[in-house]
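Visitor: Need coordinates for the following:
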Amino acid sequence: MAVWGVDLSCIGCSHYKGLKKGLAVCDAYKDKIPYSILSGDWDHRKSFSGDHGIQFELIDSKSAFSEKDFWINVYRNNKAHWTKKEPSLLTKKAITKLGPFSDVLEIGSAAGIDTFELAKSSKKVTGIDIVPEAVKLAKKNLEKQSPAIKDKVTFEQGDVEKLRFKENTFDFVYSLSVLHSTNIKKSLSEVKRVLKSKGDAVIYVILKSGKEGIDEKLFVNTINDLFSVSNIEKSEVEDDGGDIHKISIAWLKNE
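Guide: Just a heads-up that it's a prediction; the model follows:
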């Protein structure tokens with residue numbers, strides 16, 4: 001799986017250096033990591049042309065590396081470059097189309113950038129992230145917001161497959177580029193459980209291409225089983241590294 005065009009194995013590698021002029025770079029490739037490695041098509045534990053003998057090394061090879069541990073290392077090593085982005089155009093579109101909201105749940109709140117945008121049109125917003133470092137960063141950013149936003153927003157650590165909230169809690173659930181990394185049936189079942197009757201959800205996922213993303217048929221079947229589907233948008237997006245990803249955006253209602 002890739003995030004903003006960088007394969008997770010790259011981000012989890014001790015040689016990865018982040019973005020340079022919009023291109024992913026590392027100790028082996030100081031100008032641009034080859035697409036075959038970025039896409040995950042090539043296992044860079046094996047030699048690749050031009051790598052100068054520098055191959056993949058796990059950030060912490062001594063411990064079992066769960067997905068949660070992986071993301072903790074991404075944040076601790078300042079490799080979460082998506083935390084410096086502007087609010088998503090999709091976030092603004094959802095607000096215009098579906099807002100204003102009462103109680104909102106954002107799944108995968110990261111640094112809180114989209115959370116704060118949602119708060120402008122909501123009475124209350126709860127942002128959850130599985131990574132404690134992301135929650136710490138979001139809370140730090142919250143302190144820089146206006147009193148009106150501070151009063152509306154709460155950040156906490158949470159797992160979308162096991163949400164702590166009661167049934168029928170939120171009138172809007174939003175998730176941007178997260179759920180394709182989860183057990184989609186468990187995740188969306190939890191979204192449905194905490195969403196109020198007639199409540200809306202907008203779910204953005206990366207579709208499977210090679211090793212990354214979610215199988216499109218599985219995603220479509222799951223949302224149709226659980227929700228009334230208002231619309232499904234499909235498109236291709238270019239990430240910071242210039243790679244193209246197929247994505248799907250589901251506009252859902254809990255009937």
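
Visitor: helix/strand/coil for Glu156?
Guide: Secondary structure state of Glu156, per DSSP: H, G, I helix; E, B strand; the rest coil, is strand.

Visitor: Equivalent analysis for the one 10 residues further on, please.
Guide: Under the three-state scheme (three-state DSSP), the conformation of Lys166 reads as coil.

Visitor: and it, what does it touch?
Guide: Each residue near Lys166 by C-beta atoms under 8 Å, 6 or more residues apart in numbering is listed here: Val194. Backbone N, C-alpha and C define where each C-beta goes, glycine included.

Visitor: Please tell me how far it sits from Glu190.
Guide: Separation of Lys166 from Glu190 (C-beta to C-beta, to the nearest Å) stands at 12 Å.

Visitor: and if you look at Tyr35?
Guide: To Glu190, Tyr35 is 35 Å away according to C-beta to C-beta.

Visitor: Give me the more crowded residue out of the two.
Guide: Glu190 (19 against 13; other C-beta atoms under 10 Å).

Visitor: Do you know the pLDDT at that one?
Guide: pLDDT recorded at Glu190 is 98.

Visitor: Wait, a helix at it?
Guide: Yes. In this structure, Glu190 lies within a helix as judged by three-state DSSP.

Visitor: That one contacts Lys162, correct?
Guide: Yes. If you go by C-beta atoms under 8 Å, Glu190 and Lys162 touch, sitting 7.1 Å apart.

Visitor: Now do the domain split for the chain, please.
Guide: 2-79, 83-253 (automatic domain parsing).

Visitor: got the contact list for Ile37?
Guide: Per C-beta under 8 Å, 6+ apart, neighbours of Ile37: Asp7, Cys10, Tyr29, His44, Phe48.
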